[in-house]
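Enquirer: Below is the sequence, then the predicted model.
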Amino acid sequence: MDRREALRRAGLLLGGVLGAPTVAGVLAGCEASRVPDGSWAPQALTRGQADLVAAIAEHILPATDTPGARAAGVHRFIDAMVAVSYPPPERTRFLAGLAEVDARAARASGRPFLECAVEDQRVLLEALDREAFASPPDRPDGPAVLFFRTMKELTLVGYYTSEIGATRELHHVPVPGRYDGCVPLAQVGRTWAV
């Protein structure tokens, strides 16, 4: 079986839960390099777009008692996914959606998203979230709605496949011991990353 067939079957097996580019990136072992942001250069995004992606990802998964999306390098993961795994039409749609988020912020507050107050950013993203996930399936979606669905998916995959997400947010035992198939969640507290 070749790689293309394996990806197709994995997509069918997952039942469309994750987008094909996301599955391809995870299967390819796409991981952000461990370099400080100052020396990291985005591949598909401009520096400004990467900062915008980092800010949006941090709103989706903010730092709490565990580090947030920015600390996990989710913006780097997303840049690598868009550069390597997205075909040109999907890459163009992603970038158009990113620009539309900035345009919506400018229409609402007269400033680009990154220059808006944190509360204004949150309100805009909550509106996008409601639009993206509460819209009827027969309604055509604009670039910002499609972008936000993709952005949320990539943020979650990037975070929970990062070292921070897998070891600090989820339980992680590098060499697991005994298998106990029926354990109440209250007993273990969190789900496990293996």
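Expert: Now that the structure is in, tell me what you want to look at.

Enquirer: gap between the most centrally placed residue in the chain and Glu115?
Expert: With distances taken as Cα atoms, centre = their mean, Thr155 lies nearest the centre of the chain, 1.7 Å away. As defined by Cβ to Cβ, to the nearest Å, Thr155 lies at a distance of 22 Å from Glu115. No exception for glycine: its C-beta is placed from N, CA and C like everyone else's.

Enquirer: mind listing the strands for this structure?
Expert: For the chain, the strands defined by DSSP state E cover 171-172, 192-193.

Enquirer: Kindly tell me how buried the closest residue to Gly189 other than its chain neighbours is, as a neighbour count.
Expert: Leaving aside its chain neighbours, Gly189 sits nearest to His171 (7.9 Å; criterion: Cβ to Cβ, 6 or more residues apart in numbering). Other residues near His171 come to 14 when the count uses other Cβ atoms under 10 Å.

Enquirer: isn't His171 right next to Gln187, touching?
Expert: No: His171 is beyond contact range of Gln187, at 12.0 Å (criterion: Cβ atoms under 8 Å).

Enquirer: Do you have the helices of this structure handy? List them.
Expert: For the chain, helices defined by DSSP state H occupy the ranges 3-14, 20-27, 47-60, 74-84, 88-109, 118-134, 143-160, 163-164, 185-188.

Enquirer: can I get the ones you listed in a markdown table with distance to Val175 and mean pLDDT?
Expert: Output for those, formatted as a markdown table (distance: least, Cβ to Cβ, whole Å; pLDDT from 0 to 100):
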| stretch | distance to Val175 | mean pLDDT |
| --- | --- | --- |
| helix 3-14 | 26 | 61 |
| helix 20-27 | 22 | 56 |
| helix 47-60 | 31 | 97 |
| helix 74-84 | 26 | 97 |
| helix 88-109 | 38 | 94 |
| helix 118-134 | 38 | 91 |
| helix 143-160 | 20 | 91 |
| helix 163-164 | 17 | 92 |
| helix 185-188 | 18 | 82 |
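
Enquirer: Out of those helices, which is closest to Gly68?
Expert: With Cβ to Cβ as the measure, helix 47-60 is the member of the helices of the chain nearest Gly68 (5.2 Å).

Enquirer: Let me see the confidence value for Val175.
Expert: pLDDT for Val175: 70.

Enquirer: quick revisit: need the winner for burial among the helices of the chain.
Expert: Between the helices of the chain, helix 74-84 has the highest mean count of neighbours, a mean of 24, where neighbours are mean count of other Cβ atoms under 10 Å.
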